[in-house]
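1. Attaching a predicted model along with its sequence, questions to come.
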Amino acid sequence: ADTRAWWKEAVVYQIYPVSFFDSNGDGIGDLNGIYAKLDYHKDLGVDVLWLSPIYRSPHADMGYDISDYRDIDPQYGTLADWDNLLKGVYDRGMKLIMDLVVNHSSDEHEGFQQSRSSKDHPKRDWYIWRPPKYDAAGNRQPPNNWRSLFEGSSWQYDEKTGEYYLHLFLFKQPDLNWDNPDVRQAVWDLMKFWIDRGCDGFRMDVINLISKAEGLPDAPITEPDQPFQPATLLFANGPRVHEYIKEMNKEVLSGHDLITVGETPFTRDASELAAYVLPHNQELNMVFNFELMDLDSPGLGKEYIYREWKLSGFRDIICQWQSYRRSEGFWNATYVENHDHARAVSRFGIIQINGAHQLGLKNFPRSWGIEEYKDVASQNYWNNRAGGQSGCGHVGHSRCIVKKARDHARVPMQWESTDQAGFTSGKPWMRVNEDYKDWNATNQIKSESSELAFWKRALRIRKANNVLIYGDFVDISAGHKQIFAYMRSLEKTTALIILNSSKEEASFVLDEKQAWTGFNLALCNEASLRKTVSDVRLKAEDGPVLIKG
Ligand SMILES: O=C(CO[C@H]1O[C@H](CO)[C@@H](O)[C@H](O)[C@H]1O)[C@@H](O)[C@H](O)[C@H](O)CO
Ligand SMILES: [Ca+2]
């Protein structure tokens, strides 16, 4: 059986601070705004708040480009505001985790300023510098053909020292050289700074990219018409990544009762992910895997391209991870949305608890012009592909942005039906989704049949029934086209969960042979289901129901 742990049972709520709640009318969400809404989280049943980056930053990538790891960006507040927020969180029995962005820093971080100042500066090797290459015609070329994850080359030429530096994301996000022990020590120190200040753990940004392939070789030419090639295989889950995360665990994590979740994109092989999580490896508690996120896209690096998907595809991924290497202690971080993906309701037609999504918010209208898309990734994609090199196959690039852009998850939170959805008394940094007049937290708090009410109920039932957390998982959907049905059993308790993911009524027969010995907890949703065996009718509006065996 699984070892019990608070972080396995915890409900984690991601806050995208810039869009959560603005307390001083400058149109930008802030720490005092989060403080003002803590009772909302408590009432919802949240245990842990994860704050996307709030550190000092030029905000080239919305804070995932940090210029000072030990200070709060003035747009969010001060260290004193953070301390005050932490106290408010603790007073309500909740916990607070920070976003650790250490694969790269901002190019405005003093460490990078020093590193680029001269080839002999002691911090030169804190980043990844290489001399140019020259082609047959003597033209200067980047050290290799790696494509940045935000388009273009992964290398930026720096006139000052006549060399290139590596940036897997924006040129304003130079990659740190983790092979340099001084860099690792500096990361341990900044993590301790926040732990000593009371932080309960970390969500670790692209933590599986910190070790690059020896010699930084060219990537294979998979897109001959493109100047730069996708190179994730040469920097995802690199040769020394586990050595460094083990060192992090030994030097920082192991001495504290923290929750740690690593973001590990571009990883297809399940055992690669297991290596970060299995307790005997002493690395992290969990990782975010992207298999579900990539369900509706044709493959790695093609996030913006939409591909039709089926319930069976969705179900198979969930099922695989629910019981994957459980006996060895593997633990999942289950999610269907975050600040890097469009709204789950619009992508998968289902509701997900995350940021504003316990309200069931959807993508903003396709009529919004590209100027409304504030995400640099969307802008780069549009500018790079607007040249007609349509990578979107059948319907052209616009549809992809409209369906898949990260911006959809980043619009201001819809608190009320009042002006600017009650997010700010000023001009919001990003346009508010006009559907806020109907779709807002205040309306849903009042209604028992709202998405918010559904989540409150579901989280309460989850907290009250460990079978839903630790129970052995069995998929009993039998390939049903509409239904996702499964059972969980723990000691003497068995739970039956039947989910109809379609709008039509569906019938589902509990097959006698399936070791089905009765259940003492049944949850279902939506359409009414007829359970032939005992002819019990479960109606849609009932939502999660409790049936004592
Ligand atoms: O995988 C990542 C990494 O995201 C992390 O790292 C990125 C760089 O720090 C940052 O932009 C993201 O916000 C942060 O979550 C995403 O960039 C993803 O590829 C992209 O969103 C396409 O779906
Ligand atoms: Ca503000």
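-> Thanks, I have the structure now. Ligands and ions are numbered 1, 2, ... in the order given.
2. use CA for all of it now, contacts and neighbours both
-> Noted.
3. what residue ranges in the chain score low on pLDDT?
-> 1, 300-301, 350-358, 385-399, 511-549 (pLDDT under 70).
4. Nearest to the spatial middle of it, which residue is it?
-> Per Cα atoms, centre = their mean, the C-alpha nearest to the average position across the chain is that of N338, at 4.3 Å.
5. Provide the strand pairings for the one helix or strand S489 maps to, with the direction of each partner.
-> Here S489, judged by DSSP states H and E, is contained in strand 483-490. When pairs are called by DSSP bridges, strand 483-490 turns out to pair with strand 472-475 (antiparallel), strand 493-500 (antiparallel).
6. Give me the residues contacting that strand.
-> With contact meaning Cα atoms under 8 Å, 6 or more residues apart in numbering, strand 483-490 is reached by 311, 315, 466-468, 470-477, 494-502, 506, 508.
7. now these: which count as buried?
-> Neighbour counting over the contacts of strand 483-490 (16 or more other Cα atoms under 10 Å) leaves 311, 315, 466-468, 470-477, 494-501, 506, 508 as the buried ones.
8. tell me the contacts of the residue in the stretch 401-549 of the chain that ligand 1 sits nearest to?
-> With Cα to the nearest ligand atom as the measure, R406 is the residue of the stretch 401-549 of the chain nearest to ligand 1, at 6.6 Å. Contacts for R406 (Cα under 8 Å, 6+ apart) come out as H339, D340, H341, A342, D375, S378.
9. Turn these into JSON lines, columns for distance to ligand 1, secondary structure and neighbour count.
-> Output for the contacts of R406, formatted as JSON lines (distance: Cα to the nearest ligand atom, whole Å; DSSP: H, G, I helix; E, B strand; the rest coil; neighbours: other Cα atoms under 10 Å):
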{"residue": "H339", "distance to ligand 1": "6", "secondary structure": "coil", "neighbour count": "19"}
{"residue": "D340", "distance to ligand 1": "4", "secondary structure": "coil", "neighbour count": "16"}
{"residue": "H341", "distance to ligand 1": "6", "secondary structure": "coil", "neighbour count": "20"}
{"residue": "A342", "distance to ligand 1": "9", "secondary structure": "coil", "neighbour count": "27"}
{"residue": "D375", "distance to ligand 1": "9", "secondary structure": "coil", "neighbour count": "18"}
{"residue": "S378", "distance to ligand 1": "10", "secondary structure": "helix", "neighbour count": "21"}
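10. Is the residue in the stretch 51-200 of the chain that ligand 1 sits nearest to part of a helix or strand, or is it coil?
-> In the stretch 51-200 of the chain, the residue that lies nearest ligand 1 is Y64 (4.5 Å; Cα to the nearest ligand atom). Secondary structure for Y64, judged by DSSP: H, G, I helix; E, B strand; the rest coil, is coil.
11. Now for L292, how many residues are close by?
-> Using other Cα atoms under 10 Å, L292 has 18 other residues around it.
12. With A80 instead?
-> 10.
13. List the residues that contact the residue in the stretch 301-450 of the chain positioned nearest to ligand 2.
-> Residue nearest to ligand 2 within the stretch 301-450 of the chain: T424 (7.8 Å; Cα to the ion). The contact partners of T424, by Cα under 8 Å, 6+ apart, come to F21, D22, S23, N24, G25, D26, G27, I28, G29.
14. So for it, what's the nearest residue that isn't a sequence neighbour?
-> Leaving aside its sequence neighbours, T424 sits nearest to D22 (Cα to Cα, 6 or more residues apart in numbering; 5.1 Å).
15. need the longest helix for the protein.
-> helix 181-196 (DSSP state H).
16. what's in contact with it?
-> Against helix 181-196 from outside (Cα under 8 Å, 6+ apart): Y69, R70, V102, W126, L176, N177, W178, G201, Y244, M248, E251, V252.
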